[in-house]
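Undergrad: got a predicted model here, sequence first, then my questions.
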Amino acid sequence: MSSNRDSYASNTSSPISTIDAIMRRQPSMLDMEEEKRSFGSGLEILEPRPLVYWGGLEERMGSFGDADLGPPSSPETEDEQPQQMLALIQDEEPVYITRSQAYNLYTSHFLSTWNIRTYEFAAIIFTQAAYPNTLRPAAIRGTVRTLASICFTSMVGRWVDHNSNRLKTLISTISVNRVAVISASVLWFFIVEPTTGTIDSTYGSVYAGLPFPELLKGGIFALILMLGILEILSGQGNMLSMERDWVVTVAAPAGRPYDLTHLNAVTKRIDLICKLLAPILISVIISATNNKVGVLIVGGMSTCSWFLEVFCARIVWNKNPKLQAAKPFKRQVQQESQARRNLFIRVVEGFHQYAQDFKNYFSTRVWIPSLSLALLYFSALAYSSNFITFMINAGISLEVITIARALGSVVEISSTLVTPVGVRVLGNAINHGRFRGRDRTASRAALLQHETESDEEDRNEVEKWRAETGCERLGLWGLSWQFANLIPVVLVLWYMTPKSNPTPDANLSLLTPTPTFPLPLTTLLLFTFLSLSRLGLWIYDLTTQQLTQTLVPASHRSSFTGVEYSFYNLFELLQNIAAVVLARPEQFRWLAVLSLGAVGVGLGAYAGWVWWVRGHLVHWDRVAGCGEACGGKKRRVRDGEE
């Protein structure tokens, strides 16, 4: 059998030239068979690679990024294209994140989180130093930040989703945050008093009935508030870009080193460590020096870490093709440019897009776990300002509260060690029950039983199912653990009766003991169970984060989290409103009951969701072997499944 075509490889002297000839002539399969018989094994490398000589080659190469291929059809690179094609053909190994990339990622995330946590706490001290005899500026600042988060976080998430370049997105959030903190530090320097409680005696001239320096001070504080809005939104944008985009993109398949569970645990551990240590460090610095030196330290740290954060992020991006690939996002074709639209249309479209974000949020299958997590922010049973204020009013010294808070932070950090192990152990239950609200098919059951015989893709899919199942089950355990440990906390708070006028140095003596609980035991029980409840909270937080990362479409992942953050701030605002209504110390017990109720509602909602996706909550057939006698459903026997 002969071909009518001239040989497309007869004049070649190397495999590279052969590939070049094949690429240019586009032969048919018949020609390939004839040339194979003529040239033997010289073309065998091309047999399983039909995309080399069919039209799909361009799409296949497109996934490696334009930067890897160079300018197409340029004379300088024309001879190098076959060599590049051979390298792409022979290299079929998937690209996973390496150890060096992971540590650069951790470094960038640590520096960002450290600066965010440092300024978050330092700004409270600076506000009190600027206005030492009133709580109004602190309340105004807190309200402005909370309202800004509620209104604009979903927009920030949408911006993260729609920006196709991941590196530019992350660098933008870092840069805006650093500029905001540095600028605010400059302004803080002019209005804070070196030592808390000092009064400036320069109020001489009067303008519009007010001391001019005080008016200027108010204007500077207003600028600080606006910079604070930029700071909190850019900080949240940084978290969204890192935790919901970068981490998900670079994570290895489930069960491998640096998989999503591992990366989530490490990034959360970094956040909790910074949350614990950053306030302590800045407090020590200010106590050892003065407020103005503290302002300089905060601004200096932000300036010095700026370059290193960007440098580490760029290293990871340069070495990871997955991060370099543009994010898929279908932009709507606009009839008019943004500049030509009138203001009213733009405002209406903005509200429509804002409503669309919430619609997308409630259209996902994980909105119930997410909203259950947001409900926990209503709880005042945490080491928050409301709880600490009540403890001080009850006569407990700040030193005791600080020690208890530090121990609680250690428990929180331990959740990042427990969660990966728990997800792996509880993920073994994937071989029974329902999955994502549907009964498993026989093919999935067979795959699960014979996974050792499956190929790489099937094994990765099995591990993905295991991780998802482990997160569902461990999240229920974590939330149940939190609820169970908060019950003794509420009981102790109910029996604690603070006196109306405790003295500052009364320490523990002003707590009224009950016949059942001696005073030291009461305090020990309170802080022990409160700290233990934090373990369940952060286990549930981590598992819910991973569920939203894997079950929310990539094109809506950050906007989903933006809406989620809005609910966080909304319920936190409701907690503060409830604290204002129940302001007297003896009324805190009712706020504690409401907090426990919020956790209970979240637990009930999440348990219902788990029952829907899993088909059961408790393995009754494993409880003393009672099976249906205990009210449980008998498991159905399916093909290849028990």
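TA: Perfect, I can see it now. Numbers count the residues shown, from 1 in each chain.
Undergrad: where in the stretch 201-350 of the chain is pLDDT low?
TA: In the predicted model of the stretch 201-350 of the chain, residues 201-212, 328-344 satisfy pLDDT under 70.
Undergrad: tell me where it has strands.
TA: 206-207, 210-211 (DSSP state E, counting those that start in this stretch).
Undergrad: for stretch 122-135, C-alpha coordinates in PDB please.
TA: Taking C-alpha atoms only, stretch 122-135 is exported to PDB below (Å, rounded to 0.1, in the frame of the first residue of the first chain):
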ATOM      1  CA  ALA A 122      -2.600  48.600  67.900                       C
ATOM      2  CA  ALA A 123      -5.400  50.800  66.400                       C
ATOM      3  CA  ILE A 124      -7.400  50.100  69.600                       C
ATOM      4  CA  ILE A 125      -4.500  51.300  71.800                       C
ATOM      5  CA  PHE A 126      -3.900  54.300  69.500                       C
ATOM      6  CA  THR A 127      -7.600  55.300  69.600                       C
ATOM      7  CA  GLN A 128      -7.600  55.100  73.400                       C
ATOM      8  CA  ALA A 129      -4.400  57.100  73.500                       C
ATOM      9  CA  ALA A 130      -5.800  59.800  71.300                       C
ATOM     10  CA  TYR A 131      -9.100  60.100  73.200                       C
ATOM     11  CA  PRO A 132      -8.300  58.800  76.700                       C
ATOM     12  CA  ASN A 133     -11.400  59.800  78.500                       C
ATOM     13  CA  THR A 134     -14.200  58.600  76.300                       C
ATOM     14  CA  LEU A 135     -15.300  55.400  74.500                       C
END
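Undergrad: looks like Ile388 contacts Ile401 (just checking).
TA: Yes - counting by C-beta atoms under 8 Å, Ile388 does reach Ile401; the two are 5.8 Å apart. Every C-beta, even on glycine, is put in place using the N, C-alpha and C of the backbone.
Undergrad: overlap in contacts, those two.
TA: Counting by C-beta atoms under 8 Å, 6 or more residues apart in numbering, Ile388 and Ile401 have no contacts in common.
Undergrad: quick check: Ile396 is in a helix.
TA: No - judged by DSSP: H, G, I helix; E, B strand; the rest coil, Ile396 forms no part of a helix; its state is coil.
Undergrad: what is the neighbour count of it?
TA: The tally of other residues near Ile396 (other C-beta atoms under 10 Å) stands at 24.
Undergrad: check Ser363 too.
TA: Residues lying near Ser363 (other C-beta under 10 Å) number 10.
Undergrad: now swap in Arg99 and tell me
TA: 9.
Undergrad: now do the one 4 residues further on
TA: Counted with other C-beta under 10 Å, the burial measure for Tyr103 works out to 14 neighbours.
Undergrad: cool, and Val423?
TA: Neighbours around Val423, by other C-beta under 10 Å: 30.
Undergrad: what's the answer for Phe311, then?
TA: For Phe311, using other C-beta under 10 Å, the count is 12.
Undergrad: look up how far Gln353 lies from Val593.
TA: Applying C-beta to C-beta, to the nearest Å, the value for Val593 to Gln353 is 39 Å.
Undergrad: again, but for Ala374
TA: 21 Å.
Undergrad: equivalent analysis for Tyr540, please.
TA: From Tyr540 to Gln353 the distance is 30 Å (C-beta to C-beta).
Undergrad: pull out the buried residues from stretch 100-109.
TA: 101-102, 104-109 (16 or more other C-beta atoms under 10 Å).
Undergrad: quick revisit: more neighbours, Tyr540 and Gln353?
TA: For Tyr540 versus Gln353, neighbours defined as other C-beta under 10 Å are more numerous around Tyr540 (29 against 13).
Undergrad: show me what the strand or helix carrying the more buried one is packed up against.
TA: Tyr540 belongs to helix 519-551 when assigned by DSSP states H and E. With contacts defined as 3 or more C-beta pairs under 8 Å, 6 or more residues apart in numbering; DSSP states H and E, the packing partners of helix 519-551 are helix 247-250, helix 260-288, helix 367-375, helix 398-426, helix 456-495, helix 557-581.
Undergrad: for the record, mean pLDDT for the very next helix or strand once past the last one?
TA: Using DSSP H and E, the helix or strand that follows helix 557-581 towards the C-terminus is helix 588-614. Summarised as a single mean, pLDDT over helix 588-614 is 94.
Undergrad: can you give me the angle helix 588-614 makes with helix 557-581?
TA: Angle between the axes of helix 588-614 and helix 557-581 is 150 degrees (criterion: axes from the mean of the first three to the mean of the last three C-alpha atoms, to 10 degrees).
Undergrad: give me the angle between helix 588-614 and helix 456-495.
TA: Going by the same axes, to 10 degrees, helix 588-614 makes 160 degrees with helix 456-495.
Undergrad: list the buried residues of helix 588-614.
TA: 588-589, 591-592, 594-596, 598-599, 602-603, 605-606, 609-610, 613-614.
Undergrad: now do the contacts for Ala380.
TA: Contacts here follow C-beta under 8 Å, 6+ apart; on that basis Ala380 touches 386-387, 575, 578-579, 588, 591-592, 595.
Undergrad: what secondary structure does it sit in?
TA: Three-state assignment for Ala380 (three-state DSSP): coil.
Undergrad: tell me the domain ranges of the chain?
TA: Listed domain ranges for the chain are 15-90, 97-198+205-326, 336-365, 366-642 (source: automatic domain parsing).
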